[in-house]
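Give the three-dimensional model of this entry:
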Amino acid sequence: MMTKNKKECMQAALECRQPESFVPIWELHFHCWNQASGEHLIIGREFEGLSPREREQALAVDAEIMITVAEQLHFAAVTIPDSFWETAPGMPSYYWLPEEARYLLARRLNRISSSNFMIIAAAGGVMGMPGPENYVEFSYKLFDAPEEIDEMARNKLAKGVERVRKMRDAGVEAVYAAADLADNHGPYYSPKQMDRYVNPYLHQWAACVKEMGLYAILHTDGNINLILNSLVDSGIQALQAIDPVAGMDIRKVKSLVGQKVCLCGNVDCGLLFNGSEEAIFAETRDLLLDCKPGGCFVLGASNAVHRETPIEHYLTLTRSWEMFGSYEK
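Model (predicted):
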């Protein structure tokens, strides 16, 4: 399948238009660069231990690897590795880059990508549910110290908007806020808490992103059925994950909001990790056939494609896309 207009297809999907040629592919987190390229991406603790000159050389290598693999796997967008993996307790220490290195990598990708890919990066800006390290403390504060939560939400937005500005200046064209708002059972916040701590800031964040000329994407795991409409009405242009593990049905979501917001996902990342190639091919095929009509859809995993995922499994996804992802057939 010809993929010379990948970026245009991504833009069309994010603008809730049907691309002219094919469904774009994009991964929020793709950790399999080494397996796909046979090369070595230098990130995380390894990158941190380098001298300034070595870091510059490493970013040049990283950019070349990412461009090569993006071509191979038909990606319409390339995501800059995040920075939050660095300090989050219990999180993997592999897939992250320091903040300044992320901007430098974005600039380098922008220079050498020949406009074939959209460059996407995390920017933050919206407060999601707490992690396990402070879950109890944060939950108590919602009731005992709500003003502290207000301050946290304001600071989160301010820092996120500043990061969006820096990403834009580095050549990034779309940003996402990774803010898990639900678990498998439903939203973490009550409706009143959503209206106080989340919705106003999500509206402001999306507006700021679009004012800067970028696309605004929200990532959230969990079962978001009860808050779906408020998220869509916030002004975001895309919603990523549509978590199948939490019982989210992307087909139903598309029937409800598919002309208001682009949906990104949602091949089960667990299936990609340990499913059969036959099952991966079939799930990708069915997802494409059901969700590609009318556009407003980007194919990808439901969450991160971890480095333990067999690259042959991901190639099965792309093989299914080659057969069923075209709008021209």
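
what helix or strand does the spatially closest residue to residue 319 that is not a sequence neighbour sit in?
Nearest residue to residue 319 in three dimensions, chain neighbours excluded: residue 281, at 6.7 Å (C-beta to C-beta, 6 or more residues apart in numbering). All C-beta atoms are positioned from the backbone trio N, CA, C, and that covers glycine. Element membership for residue 281, per DSSP states H and E: helix 277-291.

show me where the stretch 101-250 of the chain has helices.
Assigned helices in the stretch 101-250 of the chain, in chain order: 135-144, 146-169, 191-193, 199-211, 228-232, 250-257 (criterion: DSSP state H, counting those that start in this stretch).

Let's have those helices in a markdown table, adding mean pLDDT, distance to residue 25 and mean neighbour count.
A markdown table is the format used below for the helices of the stretch 101-250 of the chain (pLDDT from 0 to 100; distance: least, C-beta to C-beta, whole Å; neighbours: other C-beta atoms under 10 Å):
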| stretch | mean pLDDT | distance to residue 25 | mean neighbour count |
| --- | --- | --- | --- |
| helix 135-144 | 97 | 34 | 13 |
| helix 146-169 | 98 | 21 | 16 |
| helix 191-193 | 98 | 35 | 12 |
| helix 199-211 | 98 | 22 | 19 |
| helix 228-232 | 97 | 23 | 17 |
| helix 250-257 | 96 | 15 | 17 |
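
Turn these into CSV, columns for distance to residue 49.
Shown next, in CSV, are the helices of the stretch 101-250 of the chain (distance: least, C-beta to C-beta, whole Å):
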stretch, distance to residue 49
helix 135-144, 32
helix 146-169, 24
helix 191-193, 42
helix 199-211, 34
helix 228-232, 40
helix 250-257, 41
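
Please identify which of these is closest to residue 328.
helix 250-257 (21.1 Å; C-beta to C-beta).

Remind me what the closest one packs against, helices and strands.
Under the contact definition 3 or more C-beta pairs under 8 Å, 6 or more residues apart in numbering; DSSP states H and E, helix 250-257 sits against helix 228-232, strand 262-267, helix 277-291.

If I take it and helix 277-291, what angle do their directions form?
Inter-element angle recorded for helix 250-257 and helix 277-291: 10 degrees (by axes from the mean of the first three to the mean of the last three C-alpha atoms, to 10 degrees).

got a list of contacts for helix 250-257?
Residues from elsewhere that reach helix 250-257 (C-beta atoms under 8 Å, 6 or more residues apart in numbering): 228-229, 232, 242, 244, 263, 265-266, 287, 290-291, 296-297.

Show me the contact partners of stretch 308-321.
Outside stretch 308-321, the residues that touch it by C-beta under 8 Å, 6+ apart are 1, 22-23, 25, 31-32, 35-36, 73-74, 267, 269, 272-273, 275, 277, 280-282, 284-285, 288, 299, 305.
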